[in-house]
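The following block contains a protein sequence and its predicted model.
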Amino acid sequence: MKRTTCLVILLISILLSCNSQKNVGKSVEISDTISITDKQWIAVEIGNEKMEQLSAERFPTLKLSESRMMGYSSCNRMTGTYTIEKDKITFGAIAITKMLCMDTRDIEDKYLKAFSDVKLWKYEQDKLYFLNEKKQVIIIFEEKSISDNDR
C-alpha cells in the first residue's frame, strides 16, 4: 500500500513538473512581446528617410498595448488594432483624426501606408524594427520617454 501511494505521489509530481515547464515556455514568449508593448515609440526612419528634419513634437509615434495600437502620424492622432505572434505582426484598419498639416503631409502619408506593408518585427539594440515580407526595414522606432498625456 505504501508503495502504491509513493508511486502515485511520484507520478503526480512528474506530471506537475511537466506542466510547469509548459508555463515557463509561455512566459518567455509573452515577455518577449511585452518588451515592446506599453512603451512610447518614435519613428526615426520611414523607408530610407530619416525624420531628423522634424521638430521633436512632430515625430510620428506609436504605442502598442494588448491588441490596440495608438499614436501620432506627425499631424493626426491614430488608433487601430494589431495582432502579434512571435516575429509576425499585422495591423488592422487605422482610424485617424482629420486635421490638415501641409508641412508634414508627405511624412504622414508614408507612415500610414507603411503599416499596410508591415509583416514582421524585431527588437535589437533598443530599437524596434518593422519589416515587410522580404525582411526589408520599413520603419525604425526608438523608445521615447514621454507621458501618455503628451499625445
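It's in.

Could you measure from residue 129 over to residue 72?
Using C-beta to C-beta, to the nearest Å, residue 129 is found at 19 Å from residue 72. All C-beta spots, glycine's among them, are computed from the backbone N, C-alpha and C.

what about the two, which has more around it?
The residue with more neighbours, out of residue 129 and residue 72, is residue 72; 24 against 18, by other C-beta atoms under 10 Å.

which residues in this protein form strands?
Remark: strands assigned in the chain by DSSP state E are 40-46, 49-50, 61-65, 68-72, 77-85, 88-96, 120-124, 127-131, 137-144.

List the pairing partners of the last one within its sheet, with orientation.
Just to be clear, that refers to strand 137-144. Counting by DSSP bridges, the strands paired with strand 137-144 are strand 40-46 (antiparallel), strand 127-131 (antiparallel).

Among those, show me which one is buried the most.
Sort the strands paired with strand 137-144 by mean neighbour count, taking mean count of other C-beta atoms under 10 Å, and strand 40-46 sits at the top with a mean of 21.

which other residues reach that one?
50-52, 59-64, 71, 107, 110-111, 114, 128, 137-146, 148 (C-beta atoms under 8 Å, 6 or more residues apart in numbering).

Would you mind listing which of these are buried?
51, 59-64, 71, 107, 110-111, 114, 128, 137-141, 144 (16 or more other C-beta atoms under 10 Å).

how close does residue 54 get to residue 67?
Applying C-beta to C-beta, the value for residue 54 to residue 67 is 29 Å.

who has more neighbours, these two?
Counting neighbours by other C-beta under 10 Å for residue 54 and for residue 67 shows that residue 54 has the greater number, 17 against 12.

Cool, thanks, talk later.
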